[in-house]
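>>> Please find the sequence and the predicted model below.
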Amino acid sequence: MSAISVDSRAGGHLAVRVAAADQVAVALEDLQSGQTVRVGGFDLVLLNNVPKGHKFAVIPIRSGEAVNKYGFRIGTASADIQPGEHVHTHNLKTALEGVEDYRYAPVAPAHGEGAQGTFQGYRRDWGRSGGAVGIRNEIWIICTVGCVARTAQRLAKEADARFKGRVDGVHALTHPLGCSQLGDDLSHTRDVLAALASHPNAGAVLIVGLGCENNQLSELIKGIDRPQERLAYFAAQSVDDELEAGMAALEKLVAAIENDKRETCDVSDLVIGVKCGGSDAFSGLTANPVVGRIADKVAFAGGKAILSEIPEIFGAERLLMARAKDRDTFEGVVAVVNDFKSYFLDHKQPVSENPSPGNKAGGITTLEEKSLGAVQKGGTSPLNGVLRYGERVREAGLSLLEAPGNDAVSSTALTAAGAVIVLFTTGRGTPLGFPAPTLKIASNSALAAHKPHWIDFDAGIALDQGIEGAADALMTTILSVANGAPTRNEINDEREIAIWKNGVTL
């Protein structure tokens, strides 16, 4: 399979046909039945109202025929469809079923120019990858178990006020797990928390435990990569006053990091996570391909880009498999994809149980269509690594990370894997943010205008400026955030983590 190629420049038209092989076009605004629309050099009269972002047929489509968008199949027609007819859930269905066999069929690797530019970051000399660069100098307070989540929050609130100006902030990363977990389920929680505690955006970390939980402090600490003077921990059951003990520990941690200085770093030092949530049909036309260009710019410069949301690549996974750098990487993608499909099937759920109601309202009909839009966030560079949930990025270039599509779980996993900034595309908007600066990228200008307190960048400009022009503008914004400019989620104090719970609860 060749790569998806999108240039969303509308040129004043009312609709866009993404690829010449597509039987459908996308409405760029609300269109009315009987309206004449020019698509691909010819005029077409619409047979139905077509909402903005939705599809309509440009040629006759017979029932049972494959329907293409982006040049690839997005499903099968469930009825005969006439030119000018609205195409959506009433006449288009998914073709996805269960676990599949895949053939190793690599394509010639893409080549491109890396982004040029520098930013002022914090060089950290610890970590399994031989050090990393952070873009914040914060203190993170992480709880081992949900029982002490409120303790961590109270400590963070007091410390953030007391130490303001000495560090970039003190934040509690809380969750409801850590006890009543067994086996791999417990290991997942421990691995993600240890990875977060090793993150370069945190100059120092305080771990607050309870004492009796399954997620014991002694085991969690073993997985953390951080100098001793930048890590503190205690069990609340073992001290007289947990708030007093916590503040004393935080005072020492602030002293250890408050003199850290930013220094000049290159784009090759960046680790970005790419994510979409609340998508609409414009996500695959503007925001996701724009972010894909950023992933390429970072990857080709020698930096790291991480793509996740495995259930939201079903139907487009072969595009990634073809880009695997070698057979082992290909087999890694196959294992992650089929394991996730088996996870659905084991719980007696169809693998195509997606898109969401909001996605459908925005014009996305099938999972294949959603996946072909979503996978564009990974750009075109070779796929150099496959990470299991809770693992940390190692390879330069693009890596694929095992995690569900859920916004909070996957964005937490991206941060734990090492992303110092998350590029989060959205067509419908969300205020949600995560420990790493979460740069919200609107797929359409209407959302950017409606929710300026949520949105950091308007990728709707790609309809006028093209994908490359929008990507250049976004790269400028990313470097500004890397230099310390706050994202909307930071301004709004929207910082959440969520851990993938996939086992029994005692």
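Thanks, I have it. These figures come from a predicted structure and were not determined experimentally. Residues are numbered from 1 along each chain as shown.

>>> Would you check how far apart Val148 and Gly397 are?
Relative to Gly397, Val148 is positioned 39 Å away (Cβ to Cβ, to the nearest Å). Glycine gets a C-beta too; all of them are placed from N, C-alpha and C.

>>> Same check on Asn354?
Counting by Cβ to Cβ, the gap from Asn354 to Gly397 is 28 Å.

>>> do Pro486 as well
Separation of Pro486 from Gly397 (Cβ to Cβ): 29 Å.

>>> do Glu391 as well
Note on Glu391: its distance to Gly397, by Cβ to Cβ, is 16 Å.

>>> With Val409 instead?
Val409 is 24 Å from Gly397, by Cβ to Cβ.

>>> Over to Gly273?
Separation of Gly273 from Gly397 (Cβ to Cβ) stands at 14 Å.

>>> Repeat that for Ala77.
Separation of Ala77 from Gly397 (Cβ to Cβ): 38 Å.

>>> Looking at those two, which is more packed in?
In this view Ala77 and Gly397 are compared by other Cβ atoms under 10 Å, and Gly397 has more residues nearby, 22 against 19.

>>> which ones are touching that one?
299, 304-305, 325, 381-385 (Cβ atoms under 8 Å, 6 or more residues apart in numbering).

>>> got the contact list for the residue nearest to Leu270 when sequence neighbours are not counted?
When the adjacent residues along the chain are set aside, Leu270 lies closest to Gly303, with 4.4 Å between them (Cβ to Cβ, 6 or more residues apart in numbering). Taking Cβ under 8 Å, 6+ apart, we find Gly303 in contact with 114, 267-272, 396.

>>> repeat that with 7 Å
Contact partners of Gly303, counting by Cβ atoms under 7 Å, 6 or more residues apart in numbering, are 267-271, 396.

>>> same question, Lys297
For Lys297, the contact set (Cβ under 7 Å, 6+ apart) comprises 114-115, 475.

>>> export those residues to a markdown table and tack on neighbour count and secondary structure?
Putting the contacts of Lys297 into a markdown table (neighbours: other Cβ atoms under 10 Å; DSSP: H, G, I helix; E, B strand; the rest coil) gives the following:
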| residue | neighbour count | secondary structure |
| --- | --- | --- |
| Gly114 | 17 | coil |
| Ala115 | 23 | coil |
| Met475 | 19 | helix |
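
>>> Okay, and the beta partners of Leu173?
Taking DSSP bridges as the rule, Leu173 bridges to Ile142.

>>> Number of residues surrounding it?
The number of residues packed near Leu173 is 25, by other Cβ under 10 Å.

>>> right, and it touches Ala197 too?
No: Leu173 is beyond contact range of Ala197, at 9.0 Å (criterion: Cβ atoms under 7 Å).

>>> who touches both of those two?
By Cβ under 7 Å, 6+ apart, Leu173 and Ala197 have these common neighbours: Ile142.

>>> is it true that Leu432 lies in a helix?
No: assessed with DSSP: H, G, I helix; E, B strand; the rest coil, Leu432 is coil; it does not lie in a helix.

>>> Quick check: it vs Gly146, distance?
From Leu432 over to Gly146 (counting by Cβ to Cβ), the distance is 19 Å.

>>> Comparing these two, which residue is more hemmed in?
Ranked by neighbour count (other Cβ under 10 Å), Leu432 and Gly146 place Leu432 first, with 21 against 17.

>>> Could you check how far that one is from Asp184?
27 Å.

>>> Perfect, that will be all.
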